[in-house]
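Enquirer: Sequence and predicted model, in that order:
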Amino acid sequence: MRVKKAFLACWSLIVAASAHAALPQVPDSPKDISLTIDRPLGWSGVDEEGDDLNIRCTFKNKSKRAVKLMLADHNNYSGAKPYPVGLKARVTDAKGEVLTHTIDMGDWWTWHYYAHDTYQDTPADWVRLRPGKKVVRVVPLAVVLKGLEENWEGLKAGEYTVELRLGAVISNQIKLRVVKRSVERQLIELERQLSDALVREDAAVLDRLWSDDLVFTFPNGKVSNKAQRLAGQKPAVQPSQSESETTNDEVKVYLYGNTAVVTVLSTWRGKANNLEYSSQFQATHVWVKQEGRWQLVAAHVSPVKK
């Protein structure tokens, strides 16, 4: 079965031990609680590589007495989708191999124990269910599975069986079919990564996205290459440390085989010299698929006059 490399396994054991020591013991869910999983309302019916793979979890009190259950985002509600602390996933592929098996966690995996070294629950983390009542949470499976392997990039195209578990309560099984991400969505995601790397001046990411043959044309007509552009980048910083942010307002993709022309309307906001600014730019990018991956080979950008 799939296991991490030896050094990663040792690291995981150390981190898991410290994390479990820092975290409160996740209580076994009451025996009277059932967990039913299915797909949430609004699901498109298609799961692509890189999607959140949202799963709807319905916790129901089957007993004749009221019970308490801990339901909270593990990072003190800073995440976009609140769901139970310690929720674990068991995923098997079409051949029956347990993909979530690791040395330290067995068949059930959760990213949370490795992602956070402190946690303090509050009264708001708990729900009280009266007899017959239920509570629903939407769980992004892709987030639960983060860090499963070294350089983990999520579930690849294929068919899978998924179960979720909270304490002693194990859900039903559902089938998951993941398909390859469409080329258009791949390029839209690459444009998002490019914008994020530019605002953070992340040379490592830009080096990956830019072709060695990159030709960049500035609004004033000056032409630059990859080496010159990278030389002006500073080491990457965390998004929270940056005073600038950018949003891709509109992205259009035009495909020509292994070449794509992408137009991007973006808004840059931030603060310079204690003054806030907001500017829009229109860019035309040419991407070429080289050795199995898309890279930017040409770019031109112009400011949008207000």
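Expert: Here it is on my side, so go on.

Enquirer: Contacts only, for the nearest residue to E189 once chain neighbours are set aside.
Expert: Spatial nearest neighbour of E189, chain neighbours left out: G50 (6.6 Å); criterion: C-beta to C-beta, 6 or more residues apart in numbering. C-betas here are computed from N, CA, C, even on glycine. G50 makes contact with 142, 154, 181, 185, 189, according to C-beta atoms under 8 Å, 6 or more residues apart in numbering.

Enquirer: from memory the first one sits against D51, does it?
Expert: Yes: with contacts counted by C-beta atoms under 8 Å, A142 reaches D51, the gap being 6.7 Å.

Enquirer: Now do the strands in the stretch 201-306 of the chain.
Expert: Counting by DSSP state E, counting those that start in this stretch, the stretch 201-306 of the chain has strands at residues 210-217, 223-225, 244-256, 259-272, 275-290, 293-303.

Enquirer: of all the ones you listed, which lies closest to K146?
Expert: Closest to K146 of the strands of the stretch 201-306 of the chain is strand 293-303 (C-beta to C-beta; 21.7 Å).

Enquirer: Can you give the contact residues for stretch 282-296?
Expert: Residues from elsewhere that reach stretch 282-296, judged by C-beta under 8 Å, 6+ apart: 186-187, 190-191, 194, 209-211, 214, 258-266, 297-304.

Enquirer: can I see the domain layout of this structure?
Expert: 6-179, 183-303 (automatic domain parsing).

Enquirer: From the chain's centroid, how far away is the first one?
Expert: Between the centre of domain 6-179 and the centre of its host chain there is 14 Å, according to C-alpha atoms, centre = their mean, to the nearest Å.

Enquirer: Skipping its backbone neighbours, what lies nearest the residue nearest to the spatial centre of the chain in space?
Expert: With distances taken as C-alpha atoms, centre = their mean, the residue of the chain nearest its centroid is V143 (5.8 Å). Excluding the flanking residues, the one nearest V143 by C-beta to C-beta, 6+ apart is W111, at 6.6 Å.

Enquirer: Can you give me every residue that contacts that neighbour?
Expert: Listed by C-beta under 8 Å, 6+ apart, the contact partners of W111 are 143-148.

Enquirer: Dump stretch 143-160 to CSV, keeping only the CA atoms.
Expert: The C-alpha coordinates for stretch 143-160 follow below in CSV (Å, rounded to 0.1, in the frame of the first residue of the first chain):
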residue,chain,number,x,y,z
VAL,A,143,-8.5,20.1,2.0
VAL,A,144,-8.9,17.1,4.2
LEU,A,145,-6.5,15.2,1.9
LYS,A,146,-3.8,17.9,1.8
GLY,A,147,-0.3,16.7,2.6
LEU,A,148,-1.2,13.0,2.1
GLU,A,149,2.1,12.5,0.2
GLU,A,150,5.2,14.5,-0.6
ASN,A,151,4.3,17.0,-3.4
TRP,A,152,0.6,15.9,-3.1
GLU,A,153,-1.5,17.6,-5.8
GLY,A,154,-4.9,16.0,-5.1
LEU,A,155,-6.8,13.2,-6.6
LYS,A,156,-6.0,12.5,-10.2
ALA,A,157,-8.5,11.5,-12.9
GLY,A,158,-10.1,8.2,-11.9
GLU,A,159,-12.8,6.5,-9.9
TYR,A,160,-12.8,6.5,-6.1
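
Enquirer: Give me the buried stretch members for it, please.
Expert: By 16 or more other C-beta atoms under 10 Å, the buried positions in stretch 143-160 come out as 143-148, 154-155, 160.

Enquirer: just the strands in the stretch 1-150 of the chain please.
Expert: 33-38, 47-48, 54-61, 67-70, 88-93, 126-129, 134-140.

Enquirer: what inclination does the last one have with respect to strand 54-61?
Expert: Taking axes from the mean of the first three to the mean of the last three C-alpha atoms, to 10 degrees, one finds strand 134-140 and strand 54-61 inclined to each other by 160 degrees.

Enquirer: So what touches strand 134-140?
Expert: With C-beta under 8 Å, 6+ apart as the test, strand 134-140 has contacts from 40, 52-61, 69, 71, 81-84, 87, 127, 129, 164.

Enquirer: Give me the sheet partners of that strand and which way each runs.
Expert: Here strand 134-140 has these sheet partners by DSSP bridges: strand 54-61 (antiparallel).

Enquirer: Name the surrounding residues that touch the strand it pairs with.
Expert: For strand 54-61, using C-beta under 8 Å, 6+ apart, the contacting residues are 29-30, 32-41, 43, 67, 69, 71, 81, 83-84, 87, 129-141, 162, 164, 166, 169, 171, 174.
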